[in-house]
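# Need a 3D model of the sequence below.
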Amino acid sequence: MDSFFFREDPMFMFDIETLGIESTTVVLSAGIIFFNPEKDKDISYNELVGRGLFVKFNAQEQIKEYSRTVSKSTLEWWEKQGKWQKDNALIPSDNDVSVIKGYNQIHSYINKNMQENNVTWDNTIIWARGSLDQMAFDSLANKANIEPIAYFNKWRDVRTAVDLLTGSNNGYCEVDNLNMSDVFKHHPVHDCAYDILMLLRGKTVN
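This next block holds a predicted model:
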């Protein structure tokens, strides 16, 4: 199908991985990708991934300093995922950052792309899959007394958009010119890239 974007302003796709489904959950990692619906209609999946920002947070800091929660059922779900996904999400590393540093990195990414493309919050939006990402990330920002990454009224839901535009009933659709073997689900930057392409080149369900 043609791109559904009747507006041509650039925008952001955002995704997080968590240890629960409550707004108080530990945030394991976050990903964000800036994209332009007008210019990126033919962009490849790997180009989008390369454009994104990946932030892996220190989970123990969130539990100790901010009283963030962990769900047993979510931990069990993670144990069923692939090794690559688990390693990227769960295994502590020297690259893990504090809540404040991680939010600063995301704010810098947003501000840099806005400035370079003459975009402001007056003419852009930020997409996420469902409502948990916004609620959990805003809740964590509030707990750490730092600025959220976007105004509450700038968030939009990918699932709803995909269903309405393609006739899907599960928030997913096939994508033109996408090799699904390139897609590594449950990594926030990869999930962002996949969601962007569903919006830009999603196929209508027959």
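
# Which elements pack onto the longest helix along the chain?
Scanning the chain for the longest helix, with DSSP state H as the assignment, gives helix 99-116. Packing partners of helix 99-116 (3 or more Cβ pairs under 8 Å, 6 or more residues apart in numbering; DSSP states H and E): strand 27-35, strand 53-56, helix 59-66. Glycine gets a C-beta too; all of them are placed from N, C-alpha and C.

# Deepest-packed of those, please.
For the helices and strands packed on helix 99-116, the largest average neighbour count (mean count of other Cβ atoms under 10 Å) is found in strand 27-35, namely a mean of 25.

# Next secondary structure after it?
Later in the chain than strand 27-35, the nearest helix or strand by DSSP states H and E is helix 45-51.

# what's the lowest-mean-pLDDT helix or strand in the chain in contact with?
Ranked by mean pLDDT, DSSP states H and E, the helix or strand of the chain with the weakest confidence is helix 83-90, at a mean of 90. By Cβ atoms under 8 Å, 6 or more residues apart in numbering, the residues outside helix 83-90 that reach it are 17, 28-29, 56, 78-79, 81, 184-187.

# Specify which member of the residues you listed is nearest to L200.
K185 (18.4 Å; Cβ to Cβ).

# ok, back up a step: of all the helices and strands packed on helix 99-116, which lies closest to D176?
Ranking the helices and strands packed on helix 99-116 by proximity to D176 (Cβ to Cβ) places strand 27-35 first, at 16.0 Å.

# ok so, going back, mind listing what's buried along the least confident helix or strand of the chain?
85, 88-90 (16 or more other Cβ atoms under 10 Å).

# quick one on the thing from earlier: please work out the average pLDDT along the longest helix of the chain.
Helix 99-116 shows a mean pLDDT of 98.

# before we move on, the earlier item: now the least confident helix or strand of the chain against strand 27-35, angle please.
When axes from the mean of the first three to the mean of the last three Cα atoms, to 10 degrees is applied, the directions of helix 83-90 and strand 27-35 differ by 100 degrees.

# Output the below-cut-off pLDDT ranges for this structure.
Residue ranges of the chain with pLDDT under 70: 1-7.

# please redo it, this time with the cut-off set to 50
By pLDDT under 50, the low-scoring segments of the chain are 1-3.

# Among the contacts of helix 83-90, name the buried ones.
Members of the contacts of helix 83-90 classed as buried by 16+ other Cβ under 10 Å are 17, 28-29, 56, 78, 184, 186-187.

# want to try TSV for those residues, with distance to Q115 as columns?
Converted to TSV, the buried ones among the contacts of helix 83-90 look like this (distance: Cβ to Cβ, whole Å):
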residue	distance to Q115
E17	28
L28	29
S29	25
K56	26
W78	37
F184	30
H186	32
H187	27
